[in-house]
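Novice: requesting a structural model of the entry that follows:
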Amino acid sequence: MSDQVLPGSPLRVLVADDNPVVRAGLAALLNAHPDIRVTAQASNGAEAIAIATCHRPDVILLDVRMPGTDGLTALPTLARLAPVMMLTYSGEPEVVAKALRRGAVGYLVHGEFTADELIRAVRDLSDGTATFTSSAVDVSDPLGVSYEPNQNSSHLQSFVSQSSKARPTYAARLHGRGHNRLEFGLSAREVEVMDLIAAGMSNQQIAATCFISEKTVKNHINRIFAKLHSSSRSEAIAHWLGTAHGGWNR
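Specialist: Alright, predicted model coming up:
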């Protein structure tokens, strides 16, 4: 009874990845949204199957290459339990094609999506809507991928329509933010990093979430602090959220 999904309950997500830093980063990112909750984590496919069988998550994020039982091996079983989105560094055409044939409902390659896009993809996946990043989109026609309909892929849309959905422009998102963040002069990546700072993430978690090195995170933070005229995280967050004295009116 405890696993029953109630109206208004957060989406329950299982993250399966052998890298604990990646799992922690994804959990921190997803849990920052009240409508999403990472309720379980697994380090390989066998663990993912055992956990999904017991807890029946609403969405599964699955890596391809893991020790022991890998993601592709576990995929057919997991796809019968919940919608599965591959979240991986493996963008090889044959891997993408195999994942889709085995029941994956979406495929995101690290480095080809932003944090905002991942959040939206998780929400869409729970409704049966697929999201693909560019590497996955590119393999459809050349390989002639055919899909075997099942309970989780019946709403699978065309690669072309989903590719535009997977990579919207940052300008559209920024115009909807309100406040005066555009005036700060931050780049798209800096906006993403600053949002994660405001969510309370450490440099290590930001690096894992954005799939960049901690050194790169530090470089972004130095530039952000300079643009926000801040000398600390708390001061930068105050300016970013519009709570600093002076209000940044220009």
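Novice: and the host helix or strand of residue 60, what other elements does it pack with?
Specialist: Assigned by DSSP states H and E, residue 60 falls within strand 59-62. With contacts defined as 3 or more CB pairs under 8 Å, 6 or more residues apart in numbering; DSSP states H and E, strand 59-62 has these neighbours: strand 11-16, helix 45-55, helix 71-79, strand 84-88, helix 115-126. Yep, even glycine has a C-beta here, placed from its N, CA and C like the rest.
Novice: which one of those is the most hemmed in?
Specialist: strand 84-88 (a mean of 26; mean count of other CB atoms under 10 Å).
Novice: tell me what it is packed against?
Specialist: Using 3+ CB pairs under 8 Å, 6+ apart, the elements in contact with strand 84-88 are strand 59-62, helix 71-79, strand 106-109, helix 115-126.
Novice: okay but residue 118 is in contact with residue 33, surely?
Specialist: No: at 10.6 Å, residue 118 does not count as touching residue 33 under the criterion of CB atoms under 8 Å.
Novice: what residues of the longest helix seen in the chain count as buried?
Specialist: The longest helix of the chain (DSSP state H) is helix 214-227. By neighbour count with 16 or more other CB atoms under 10 Å, helix 214-227 contains the buried residues 217, 220, 221, 223, 224, 225, 227.
Novice: out of these, the closest to residue 9 would be?
Specialist: residue 217 (33.0 Å; CB to CB).
Novice: now do that closest one, the pLDDT please.
Specialist: What the model reports for residue 217 is a pLDDT of 91.
Novice: right, and it touches residue 207 too?
Specialist: Yes: here residue 217 reaches residue 207: they are 4.9 Å apart, a contact under CB under 8 Å.
Novice: picking that back up, format the buried residues of helix 214-227 as a markdown table; extra columns: distance to residue 97.
Specialist: Formatted as a markdown table, these follow (distance: CB to CB, whole Å):
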| residue | distance to residue 97 |
| --- | --- |
| 217 | 34 |
| 220 | 35 |
| 221 | 39 |
| 223 | 40 |
| 224 | 40 |
| 225 | 45 |
| 227 | 43 |
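Novice: which one of those sits closest to residue 125?
Specialist: Looking across the buried residues of helix 214-227 and measuring by CB to CB, the closest to residue 125 is residue 217, at 27.3 Å.
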